[in-house]
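Asker: can't give you the sequence, but here's the structure:
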């Protein structure tokens, strides 16, 4: 993964522009929930916020802006992703402390809600699916309870009267990702972290960098990232670690490892409750309708988010059939959705990986990778950020650093090694 | 309809603010398609544009912004609205000249398209409805042709293969209301008309006005509108006629006749064709699906508008069930809609009247009323604007002026008299 740009490139341009190369101990690429939470974890570990810079042309505009925000280690369970379960459960355990670290330093709300989650089945085939999933969840030690539909409708009278099954999951909660990320930005800015609102285009390594390279032996220097190149031709110096936390953007960072992250799009619609009407539901309703998943997420701000389709096509904008399917399925599960107002449709790009597990680790230099969280970025951020901060603060690199981070967070991270796929490209 | 505000009100405020009361010969309230087209007609009749002022806090933001833009005197036919037919037909005849008057003075496109309109029926009941409508249209001398579905699908391969009937209407076309209105604004500005971007709050009559009132005998003076009060407390002088063309806003103009205009909301969605894909249809497709009307309108800019629901509820924002129904019905008629991108959902407020006919006429003073065009504002604008300009330029008032305008435009306007309902309120 060595990358040595010709001396003529960014450095000269930077000089031409007469830019001072500010240098930071910790440079985080990506101000989504992973990057922001990593910054919060660094401050929790004692790093002064003034030593942290976060690079993003538009903070919170990526997958985090469109995410459902479900902190749902049980409901998110999917067959064949067993390696993910312990990570999700550990992440759920770590969430309260991360949230507390944000909430205790800002007056901004995070939209956290602690009601149980209901998962319902629309027809008999869906009910069979739901019952099997419940078995599977229990077999993995998770807490979920089958409820008679009548009892589910006592909890949530807005549920469709002709449902075929219901399960309550007491430990699956939600946060509002937009609010949570905005609160994290507020905390970090107040503490003195620097936000650089530009696109990071690549990593510059020791052989062509400013600052501390003179102090480093040659071999080490070549592997070290000493600056992050920005879209305007300037660069930001890195004296400690650099963190690749920019989701789908991680695939196209010049001079960085080639990461197998691809955009897996999803549509989300946001609805409003018309004035003077009650909210159709008070807690997260997840459902299966003709085997399609549907989520109805009532927010603390009175809006309702409905998600989430999954598609890998060329439409960057919301898909007409996606919006249609979401409305149809949500109305089937919660008929009161019909009476809502339509606020907006959004399409998000979730950073998918070949096996749906994130890419976490540290190179043989000072580059920390924390990307590819796919559908679980919000929940996993509590674990991912803690691990990522650990890696950045570790004196070790590569496997040694990852083992150390796993030990410190009480998890096995072997399944998430960033270089587990054919790494020929770097 | 006399209205005399206490001297202490707007005039003192205006004086306090040291505002000059600019005065215009023609003051038009409302920069939607009716107000703008009226201004264009005034210039066509020889009025210098510098003598025209148009008041609107946000030009083209009302019903015209959301309208489908169908110039469809035949397809728009509805049982029980026979009095509307001759007006729609005459309006369609007048449209080319109005459009030409706009297009010849600007480089901006109006999005006019001249393909025929296809009306299709989704199921057998819809086909019966369509066949009956065709009879009705023909009985009123309109041109429309039944097509075998196979032939309709030759014209438009994007139509659903399981349709139950099709009718082609060669004379029903479309314009893009947003583009058309923007082109009209451009023409009017270039010619020197004044746009006052404020909300008009009321009419000020002779007994309390600036300017020419000293020259008027008392009785006449009391009936004459001499100024239009603006939201910021200032006012705009009127030396000739004032025109009430602000759609649903016409109901709440202080000092003006109480007009029975109510908001009849409709939802519209705008879709985009994903890059590299063909447009799903090339002409306006109107359809009936389970007796609900659905319109799929391909624009010259490559977008597709889908409308139009009709509802009278409290939701000012797009209705979730409205968006859902539009997507469902449009997909049933043109399956390729599924592959589109979702750009936005909008809700418009069509200015409805008790009998769905517009309110047109002139008071016993100099106040011209041209509002309540409901679902037909775009098509009827060509006739309505011509009549409205006539009324404003007439030396007569009341019935005399209306009869004169009817004669000049070759129509009977009796059914549209603005004061045809119980006029107790003024």
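Answerer: Cool, the structure landed. Treat the numbers as computed from the prediction; the structure is a model and nothing was measured. Numbers count the residues shown, from 1 in each chain, chains lettered A, B, ... in the order given.
Asker: In contact with the residue of the stretch 101-250 of chain A at minimum distance from chain B, which residues?
Answerer: Per C-beta to the nearest C-beta, residue A:158 is where the stretch 101-250 of chain A lies closest to chain B, at 13.6 Å. C-beta coordinates here come from the backbone N, C-alpha and C atoms, glycine included. Neighbouring residues of residue A:158 by C-beta atoms under 8 Å, 6 or more residues apart in numbering or on different chains: A:279-281, A:334-336.
Asker: and the residues you listed, which two are the farthest apart?
Answerer: In the contacts of residue A:158, two members sit farther apart than any others by C-beta to C-beta. They are A:279 and A:335, at 13.4 Å.
Asker: So the single nearest residue of the stretch 151-300 of chain A relative to chain B: helix, strand or coil?
Answerer: Here the residue of the stretch 151-300 of chain A nearest chain B is residue A:274; by C-beta to the nearest C-beta that distance is 4.9 Å. When classified by DSSP: H, G, I helix; E, B strand; the rest coil, residue A:274 comes out as coil.
Asker: Now do the phi/psi pair for it.
Answerer: Residue A:274 adopts backbone torsions of phi -60, psi 150, taken as degrees, to the nearest 10.
Asker: Name the residues of chain A found near chain B, please.
Answerer: A:267, A:271-272, A:274-276, A:313-324, A:327-328, A:331, A:337-343, A:345 (C-beta under 8 Å from any C-beta of the partner chain).
Asker: Restricted to helices, list these.
Answerer: Members of those lying in helices (criterion: DSSP state H): A:320-324, A:327-328, A:331.
Asker: So which of these is the closest to residue B:379?
Answerer: Nearest to residue B:379, judged by C-beta to C-beta, of those is residue A:320 at 27.6 Å.
Asker: Okay, helices next: where are they in chain A?
Answerer: Under the criterion DSSP H, chain A contains helices at A:10-16, A:33-44, A:63-66, A:85-103, A:124-139, A:149-155, A:177-191, A:218-223, A:320-333, A:377-393, A:398-409.
Asker: How about the contacts made by the nearest residue in space to residue A:131 that is not next to it in sequence?
Answerer: Sequence neighbours aside, residue A:165 is the residue nearest to residue A:131 in space, at 6.7 Å (criterion: C-beta to C-beta, 6 or more residues apart in numbering or on different chains). Shown in contact with residue A:165 (C-beta under 8 Å, 6+ apart): A:120-121, A:126-127, A:130-131, A:146, A:149.
Asker: And the residue of the stretch 1-150 of chain A that's closest to chain B?
Answerer: Counting by C-beta to the nearest C-beta, the stretch 1-150 of chain A gets nearest chain B through residue A:66, at 13.5 Å.
Asker: what's the burial count for the residue nearest to that residue when sequence neighbours are not counted?
Answerer: Once flanking residues are discounted, residue A:66 sits nearest to residue A:348: 2.9 Å by C-beta to C-beta, 6+ apart. Summarising burial for residue A:348: neighbours were counted as other C-beta atoms under 10 Å in any protein chain shown, giving 22.
Asker: gap between the nearest residue to residue A:44 once chain neighbours are set aside and residue A:187?
Answerer: Nearest in space to residue A:44, with sequence neighbours left out and distances taken as C-beta to C-beta, 6+ apart, is residue A:101 at 5.5 Å. From residue A:101 across to residue A:187, the span is 8 Å (C-beta to C-beta, to the nearest Å).
Asker: shared neighbours, these two?
Answerer: With C-beta under 8 Å, 6+ apart as the test, residue A:101 and residue A:187 both reach residue A:40.
Asker: Please give the centre-to-centre distance between stretch A:173-181 and its chain.
Answerer: From the chain centre to the centre of stretch A:173-181 is a distance of 11 Å (C-alpha atoms, centre = their mean, to the nearest Å).
Asker: tell me the mean pLDDT over that stretch?
Answerer: Throughout stretch A:173-181, pLDDT has a mean value of 97.
Asker: go on, stretch A:58-75?
Answerer: On average, stretch A:58-75 scores 95.
Asker: got the end-to-end distance for that stretch?
Answerer: Separation of the first and last residues of stretch A:58-75 by C-alpha to C-alpha, to the nearest Å is 31 Å.
Asker: Just to check, residue A:27 is in contact with residue A:42?
Answerer: No - contact criterion C-beta atoms under 8 Å: residue A:27 and residue A:42 do not qualify, at 11.1 Å.
Asker: which neighbours do these two share?
Answerer: Common neighbours of residue A:27 and residue A:42, using C-beta under 8 Å, 6+ apart, are residue A:52.
Asker: State the number of residues packed around the residue of the stretch 151-300 of chain A closest to chain B.
Answerer: Residue A:274: 16 surrounding residues under other C-beta under 10 Å.
Asker: could I get the contacts of residue A:158 as CSV with pLDDT and neighbour count?
Answerer: As requested, those are arranged in CSV below (pLDDT from 0 to 100; neighbours: other C-beta atoms under 10 Å in any protein chain shown):
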residue, pLDDT, neighbour count
A:279, 95, 14
A:280, 97, 24
A:281, 97, 22
A:334, 98, 24
A:335, 98, 15
A:336, 97, 21
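Asker: ok now do residue A:142, which residues does it touch?
Answerer: By C-beta under 8 Å, 6+ apart, the contact list for residue A:142 reads A:73-74, A:77, A:85, A:89.
Asker: Also residue A:357?
Answerer: Residue A:357 sits next to A:81, A:83-84, A:87, A:372, A:374, A:415-416 when contact means C-beta under 8 Å, 6+ apart.
Asker: Please repeat the previous calculation with a cut-off of 7 Å.
Answerer: Residue A:357 makes contact with A:83-84, A:415-416, according to C-beta atoms under 7 Å, 6 or more residues apart in numbering or on different chains.
Asker: One more: residue A:98?
Answerer: Applying C-beta under 7 Å, 6+ apart, one finds that residue A:98 lies in contact with A:37, A:40, A:382, A:385.
Asker: confidence score at it?
Answerer: What the model reports as pLDDT for residue A:98 is 97.
Asker: Any idea which helix or strand in chain A has the lowest mean pLDDT?
Answerer: Every helix and strand of chain A was ranked by mean pLDDT, DSSP states H and E. The lowest is helix A:10-16, at a mean of 43.
Asker: Roughly how far does the residue of the stretch 101-250 of chain A closest to chain B sit from residue A:164?
Answerer: Counting by C-beta to C-beta, the gap from residue A:158 to residue A:164 is 17 Å.
Asker: can you check residue A:360 too?
Answerer: Residue A:360 is 39 Å from residue A:164, where distance means C-beta to C-beta.
Asker: With neighbour numbers in mind, choose between these two.
Answerer: Per other C-beta under 10 Å, whichever of residue A:360 and residue A:164 has more neighbours is residue A:360, with 26 against 18.
Asker: Not counting its neighbours along the chain, what's nearest the more buried one?
Answerer: Residue A:360 sits nearest to residue A:416 (C-beta to C-beta, 6+ apart), 4.3 Å away.
Asker: doesn't residue A:355 make contact with the one you found?
Answerer: No - using C-beta atoms under 7 Å, residue A:416 is not in contact with residue A:355; the gap is 9.6 Å.
Asker: So for those two, which sits in the more crowded spot?
Answerer: When residue A:416 is set against residue A:355 and neighbours are counted by other C-beta under 10 Å, the residue ahead is residue A:416, at 28 against 17.
Asker: And chain A, what are its domain boundaries?
Answerer: As recorded under the TED database, the domains making up chain A are A:20-66+A:179-261+A:355-416, A:117-170+A:263-352.
Asker: can you pull the pLDDT of the residue of the stretch 101-250 of chain A closest to chain B?
Answerer: At residue A:158, the pLDDT value in this model is 98.
Asker: Residue B:33 is nearest to which of the helices of chain A?
Answerer: Short answer: helix A:320-333, nearest of the helices of chain A by C-beta to C-beta, at 27.7 Å.
Asker: Where among the helices of chain A is average confidence lowest?
Answerer: Mean pLDDT is lowest for helix A:10-16 out of the helices of chain A, coming in at a mean of 43.
Asker: Deepest in the core, which of the domains of chain A is it.
Answerer: domain A:20-66+A:179-261+A:355-416 (a mean of 22; mean count of other C-beta atoms under 10 Å in any protein chain shown).
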